[in-house]
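[1] Sequence and predicted structure are below.
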Amino acid sequence: MAITLKTKVALGSVFLFGLLIIVGSVSFYYLNRIANESKQIVKNNYETLNYSRDMMEGLNDLSDTANGIRRFEQMLQLQEKNITEPGEKEMTQSVRRNFDQLKQQGQWDSLAGLIRKDIAGIIEVNLKAIDDKNQAAQASAEEAKTIITICLTICLLIAVTFLYNFPSSVADPVASLTDGIKAIANKNYSQRIHLNRKDEFGELATAFNTMAEKLDEYEHSNLSKILFEKQRAETVINSLKDASIGVDNKGTILFANQQALQLLNLKEHDIVGLLIKDVEKRNDLFRFLVNEQTNTPFKIVVDNRENYFTKEIMDIEQQGSKAGTVIVLKNITPFKELDTAKTNFMATISHELKTPLASSDFSLKLLEDERTGSLNNEQKELVQSLKDDNRRLLKILSELLDLSQVESGRLQLNMQQFSPYTIIEKAEQFVLNAARNKNVSIKKDIAGNLPLINADEEKLIWVLNNFLTNAIKHSYESGTIEISVKQADATIVFSVKDNGKGIEEKYLPRLFDRYFKVPGTSEKSGTGLGLAISKEFIEAHGGKIDVVSSFGGGSTFSFTLPVNG
C-alpha cells in the first residue's frame, strides 16, 4: 500500500517526537534515581546523626532533671524506629539496656560511659554509611551522565540523519518538477520527470509527463502548419506595395517588409525582433516614423530621387484589446508629381487668362463711357452682365493663382508693421455696397489701444474681406454682422459673426478643405477655395483660423495672430 506524502510527514513528526520522549524518559529515570538516593541519605543517616547528637547532649542532663531523662527517652525511641545500617541495631539495643538499667539502679558514671560508647558507634556507622552512599550516588551520577550522553548522541545522530534525508525526499521532487516546468516554459517539450515514488509527487510527475507528451505531440503536429502560415504571412507582407512595419503592444518589432527595409536602409536582422527604443537610437527615419504624429506628406530621398510618403497607423485588435500597431507608408510620389503639374498648369492658365480678361474689362468700361457713344437700355444690361461675368472670372483666377502659390510653396509675404484698425477700415470699404444691397448693417466691437502687428496687410485684408463677403451672403435680409477685434495675451483675435442659418456640426471639420461647399447652399458661383486660401494665409503668419457655428444660430469665423508677428 502506497504511503502518501501527508502520512510520511506525520510519521516523521511522530518519529522525532518519539526520540524526544526517549531522551526525556532516560534523563527523568536517572535524575529521579539520584534524587531518591539523596533522599534516603537524608532520611536514614542524617536523621540518625541528629538523634545521636541530641542523645549525647541529653546525657549531660540525666542526673540533673527529669526533663533530661524524658528527652533522652524520646530521642532513643526515634532512633529505634530509624535503624537502617548493619550493626546499628545491636548498638541501639545496648543503649536501650544501659539506659533502662541506669533509670532503675541510678548508677550514672559507669553506665553513661557505656551509653556514650554505643552512641559514638552508631554515629560512626552512619557516617561510614553516608560516605558509602555518597560514593554510590556519585557512581550513579556518572553512570546516568554516561547513559544519557550515549542516548542523546544516538538520538541526535538519528535525528540529524532523518532531518538530512527526509527534506530531500520532498525537496528533490520539487526541484525536479521546477526544472521540468522551466523546460516546458522554454518549449522543450521532450523533458520528462522520472520519480520512482507512489505518493503525490509520483502522481504529479506522471501528470507532468503526460502533459509534456501532449504538448510535444501538439507542437510537432502544428509546427509545419505554423511554418506554412508564417511563410504565407511573410509572402503577403512582402507583396504589399506600401512599406509596412508591425509592432506589438510591448514595443517589439514583429515584421518589416522589403519596401520598409529599403527605405530604412536596414537588414531584417537589424530591426525584426528588436525593441523600438533600440532601433530609434540607430536610425533617424525610424525615430521620425514612430514619434512624429502628423498626416502631412513628407519627403524621403531614395536612390538620389525624391519620394513623397504619407504615414498611416493602424491598430490591431484581438479579443477587444489592442494587440499591436502597423505603420504603413503610402508612396504618393506619382500623385505629388501630378499635383505639381496641376499647380503649374493652373498658375500658367490663370496667368494667361487674367491678361485678356483684364483687357476686356477695360473695354467694357470704355463702352459705358458716353464719349464712345450712347447705349440703349438693352445694350447697357448686356454690358453690365458681361462686367459681372468678367469680374467673377477674375476673382476665380485670382483665387487659383493664390492657391497655386500656396501649393508650390512660392507664397511670399510682404511683412510690415501696421495698426489692426487699418485692416478693419479697408476690409469694410470693400463690402459696403454689398451690405447696402441686402440691407445688412455692420457693427464693430473693437478694443482700444491695440498694439501694432507685423504681417502682410494685403493678405489679411483679403482674409477679412472673405469672411465679410460670406457673412453678407448667408445673412438674412436686414440682418446684422458684427466685427470684433480683441487682444488675448500675446495675440490679437479678429472675428466676424453673422445671423444666418448657420452650419451643421458635421460639416465644420471640412469647412476649410479645398473645393468643399456646404451641401444645400443656394450659392452656386463660389469655387470652395476662399476659406482654404484664408487658412493657408493665416497659418503662413503663424496664426490660427477657426469657426464656431450651430444650425439655426449663425456662424462666427475668426483668426488669431501673434502680436510680434
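    Yep, that arrived. Because the structure is a prediction, the values reported are computed rather than measured.
[2] Give me the below-cutoff pLDDT ranges for the stretch 451-565 of the chain.
    For the stretch 451-565 of the chain, the stretches with pLDDT under 70 are 520-527, 564-565.
[3] ok, now how distant is residue 500 from residue 482?
    12 Å (CB to CB, to the nearest Å). From N, CA and C alone the C-beta is placed, and that goes for glycine too.
[4] More neighbours: which of those two?
    The residue with more neighbours, out of residue 500 and residue 482, is residue 500; 20 against 17, by other CB atoms under 10 Å.
[5] Can you tell me the SS state at the more buried one?
    coil (DSSP: H, G, I helix; E, B strand; the rest coil).
[6] wait, isn't it in contact with residue 475?
    Yes. Assessed by CB atoms under 8 Å, residue 500 is found in contact with residue 475 at 5.0 Å.
[7] And the longest helix along the chain, what does it pack against?
    Assignment by DSSP state H gives helix 108-185 as the longest helix of the chain. Helix 108-185 is packed against helix 5-40, helix 47-59, helix 88-105, helix 200-239, with contacts defined by 3 or more CB pairs under 8 Å, 6 or more residues apart in numbering; DSSP states H and E.
[8] What is the lengthiest strand in the chain packed up against?
    Scanning the chain for the longest strand, with DSSP state E as the assignment, gives strand 305-318. In terms of contacts (3+ CB pairs under 8 Å, 6+ apart), strand 305-318 is packed against strand 298-302, strand 321-331, helix 333-368.
[9] weakest of those by average pLDDT?
    For the helices and strands packed on strand 305-318, the weakest mean pLDDT is recorded on helix 333-368, namely a mean of 60.
[10] give me the number of residues near the residue lying closest to residue 56 once chain neighbours are set aside?
    In this structure, residue 56 finds its nearest non-sequential neighbour in residue 119, 5.7 Å apart by CB to CB, 6 or more residues apart in numbering. Residue neighbour count, defined by other CB under 10 Å, stands at 25 for residue 119.
[11] Correct me if wrong: residue 119 contacts residue 95.
    Yes. The pair residue 119 / residue 95 is scored as a contact, 6.3 Å apart, by CB under 8 Å.
[12] Identify the contacts common to the two.
    Contact criterion CB atoms under 8 Å, 6 or more residues apart in numbering; residues shared by residue 119 and residue 95: residue 55.
[13] circling back: ok, now which ones touch the residue nearest to residue 56?
    Contacts of residue 119 (CB under 8 Å, 6+ apart): 52, 55-56, 91, 95.
[14] Among the residues you listed, which one sits closest to residue 28?
    Comparing those against residue 28 with CB to CB picks out residue 52 as the nearest, at 35.6 Å.
[15] Please look at that closest one and residue 125 and confirm they touch.
    No. Counting by CB under 8 Å, residue 52 sits too far from residue 125 to count as a contact (9.9 Å).
[16] ok, residue 111 touching residue 102?
    Yes. Using CB under 8 Å, residue 111 is in contact with residue 102, at 4.2 Å.
[17] so where is the stretch 101-250 of the chain shaky, pLDDT-wise?
    Scanning the stretch 101-250 of the chain for pLDDT under 70 picks out the ranges 106-110, 163, 165-172, 174, 189, 197-203, 218-241.
[18] if we go to 50?
    For the stretch 101-250 of the chain, applying pLDDT under 50 flags no range at all.
[19] Which two of the contacts of residue 119 have the greatest separation?
    Checking those with CB to CB, the most distant pair is 56 and 91, at 13.6 Å.
[20] Of the two, which one has the most company?
    residue 91 (22 against 16).
[21] Would you confirm that that one contacts residue 126?
    No. Under the criterion of CB under 8 Å, residue 91 makes no contact with residue 126, lying 10.5 Å away.
[22] what does stretch 287-304 contact?
    245, 262-263, 276, 280, 285, 306-311, 327, 329, 332, 336.
[23] how far does it stretch from start to finish?
    21 Å (CA to CA, to the nearest Å).
[24] Next, the buried residues of it.
    Going by neighbour count (16 or more other CB atoms under 10 Å), the buried part of stretch 287-304 is 289-290, 300.
[25] Show me which of those residues is closest to residue 75.
    Distance to residue 75 across these (CB to CB) is lowest for residue 290, with 114.3 Å.
[26] tell me the phi and psi of the closest one?
    Here is the backbone geometry of residue 290 (degrees, to the nearest 10): phi -80, psi -40.
[27] how much space between it and residue 271?
    Per CB to CB, residue 290 is found 12 Å from residue 271.
[28] repeat for residue 531
    Residue 531 sits 43 Å away from residue 271, going by CB to CB.
[29] any idea which element residue 482 lies in?
    Element membership for residue 482 (DSSP states H and E) is strand 480-488.
[30] Tell me the strands beside that strand, with direction?
    Paired neighbours of strand 480-488 in the sheet (DSSP bridges): strand 441-446 (parallel), strand 491-497 (antiparallel).
[31] Report the distance from the shortest one to the chain centre.
    With CA atoms, centre = their mean, to the nearest Å as the basis, the distance from the averaged C-alpha position of strand 441-446 to the chain average is 56 Å.
[32] Just checking: what are the partner strands of the next helix or strand after that strand?
    Counting by DSSP H and E, the element after strand 441-446 in chain order, helix or strand, is strand 453-456. Partner strands and pairing direction for strand 453-456 (DSSP bridges) are strand 415-418 (antiparallel).
[33] Quick one: distance of the strand it pairs with to the chain centre.
    Counting by CA atoms, centre = their mean, strand 415-418 comes out at 53 Å from the chain centroid.
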